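*Asks:* Sequence and predicted structure, then a few things I'm wondering about:
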Amino acid sequence: MTKFIYKELEPKKLDILLKTKLQISRKKSQLLIDNKQVLVNSKRAIKRGQIIKKYDKLEIISFLKEENFIIKEKQIKILYENNDFLVIDKPSGLSLEEKSSPNNPVIWNILKKQFNISNFFLVHRLDKDTTGCLIIAKNLETQKVFWDLFKNKKIQKEYLAITKGNWVNKKGIIDKNIKRIGKTNKYKVNKFGITALTKYIVLDFSKKNNISLVKLFPFTGRSHQLRVHCNYLNHSILGDKVYFQYPILEIEKQILRHQLHCQKISFFVNQKKFVFEAKIPLDMKKVIEKIKFT
C-alpha cells in the first residue's frame, strides 16, 4: 500500500497526479481509479479527473499489473462434467461477458481451449469477482432444462460471505425488491423493483474487527442481489467496491475483490440429484484466518 499527502499549492487532476507520483503510464493510473483502488481522504475515488488539493491524503490500495489479469487454464477447476453440462469452480477475475480485454478476461475463451468445444451456453451468472460453483450447458436443450429449473426455483445455491458489522438477527429473510439505477450497471433496493428474496444465517462474528461470517441463500436470482441486500442492511460484503459503507476498514485496503463465494449448488436432473461444493478460495481463506473469528 502506498500513502502520501499532496503538498503542492496548485490543484491537480487525480489521474495525472498518480502518473507523476507513481511513475506509471496515465492508462495505468486511470485503471487504478476505475478499479476503486485509490482513496482520497479515506473515501474511494470514482472520477479520473477528481481535483486533488493541498493536504489531501491519498492511499493506493494496490498496484494493478497486466499479469494480474492473466488467468491460466489450469485455474479452471472442473467439479463435474458429462455430455450435456459441466460445473466449474469459477476463479475471481473472470468475466462472463462476450468481449475480452486485458482487464476483462472472459471465461469462454479459456474453456473453449481447454475442452476443444466451439460453444458453451450460459445457464446462470456469477459476478466477475465472485468465485465458486457455476453451471455451464454444452447444448441449447440442456440450457433450456436449467433455465426451467431456475425459473421454478428448483436449484439451491449457498454462498459464503464476509460482511461488515454485527447482524442483530442471526438469521432471517431479506425481502426487498431490487431495481437498476438508470442505465448503469448498479442496482438498489426499491419498492418498484423486481422481487428479490435472500435467506441468511450468521455463522460467526469478530468483535475485534466488527466483521461477520455469513451464509447466504438466494431464493431469486437478481443481478447483484446478495451484494445489494447486504449493503441495504448496512452489512456490505467486505471488499465490495460498488456497494459499501464508510469507513473503509484497514483490512479492506488489502483486499482486491469482494469476499463472496458460491460454496454449494444442488438440483435434480432426470430424477437424479446433483450436489456440488467448491472449496473456499485461498484469498478468502487468508482473510478469514486474519480476522480470527472466535
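*Replies:* Everything's here; your move.

*Asks:* C-alpha from now on. contacts and neighbour counts both.
*Replies:* Noted.

*Asks:* Look up how far residue 113 lies from the closest residue to residue 140 other than its chain neighbours.
*Replies:* Nearest residue to residue 140, sequence neighbours excluded (Cα to Cα, 6 or more residues apart in numbering): residue 121, at 6.8 Å. Taking Cα to Cα, to the nearest Å as the measure, residue 121 falls 15 Å from residue 113.

*Asks:* repeat for residue 127
*Replies:* Separation of residue 127 from residue 113 (Cα to Cα) stands at 22 Å.

*Asks:* Comparing the two, which residue is more hemmed in?
*Replies:* Shown here are residue 127 and residue 113; by other Cα atoms under 10 Å, residue 127 has more neighbours (16 against 11).

*Asks:* how about the more buried one, what does it touch?
*Replies:* The contact partners of residue 127, taken as Cα atoms under 8 Å, 6 or more residues apart in numbering, are 95-96, 224.

*Asks:* Apply 10 Å and report the result again.
*Replies:* By Cα atoms under 10 Å, 6 or more residues apart in numbering, residue 127 lies in contact with 92-97, 223-224, 258, 260.

*Asks:* Then residue 277?
*Replies:* Residue 277 sits in contact with 79, 87-89, 132-133, 157-158, 262-266, where contact means Cα under 10 Å, 6+ apart.

*Asks:* Give me the subset of the residues you listed lying in strands.
*Replies:* 79, 87-89, 132-133, 157-158, 262-266 (DSSP state E).

*Asks:* Can you flag the buried ones in the residues you listed?
*Replies:* Buried by 16 or more other Cα atoms under 10 Å: 79, 87-89, 132-133, 157-158, 262-265, out of the ones in strands among the contacts of residue 277.

*Asks:* Now render those residues as TSV, adding pLDDT and distance to residue 187.
*Replies:* Converted to TSV, those look like this (pLDDT from 0 to 100; distance: Cα to Cα, whole Å):
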residue	pLDDT	distance to residue 187
79	96	31
87	96	28
88	94	27
89	95	26
132	97	22
133	97	23
157	98	21
158	98	21
262	98	20
263	98	24
264	98	25
265	98	25
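
*Asks:* Turn these into JSON lines, columns for distance to residue 292.
*Replies:* Below are those laid out as JSON lines (distance: Cα to Cα, whole Å):
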{"residue": "79", "distance to residue 292": "29"}
{"residue": "87", "distance to residue 292": "31"}
{"residue": "88", "distance to residue 292": "29"}
{"residue": "89", "distance to residue 292": "26"}
{"residue": "132", "distance to residue 292": "23"}
{"residue": "133", "distance to residue 292": "26"}
{"residue": "157", "distance to residue 292": "26"}
{"residue": "158", "distance to residue 292": "22"}
{"residue": "262", "distance to residue 292": "22"}
{"residue": "263", "distance to residue 292": "20"}
{"residue": "264", "distance to residue 292": "23"}
{"residue": "265", "distance to residue 292": "27"}
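
*Asks:* quick one: which of the residues you listed is nearest residue 214?
*Replies:* Residue 214 lies nearest to residue 158 out of these, by Cα to Cα, at 10.4 Å.

*Asks:* all helices for the chain, in order.
*Replies:* 14-22, 26-34, 107-115, 140-151, 225-232, 282-291 (DSSP state H).
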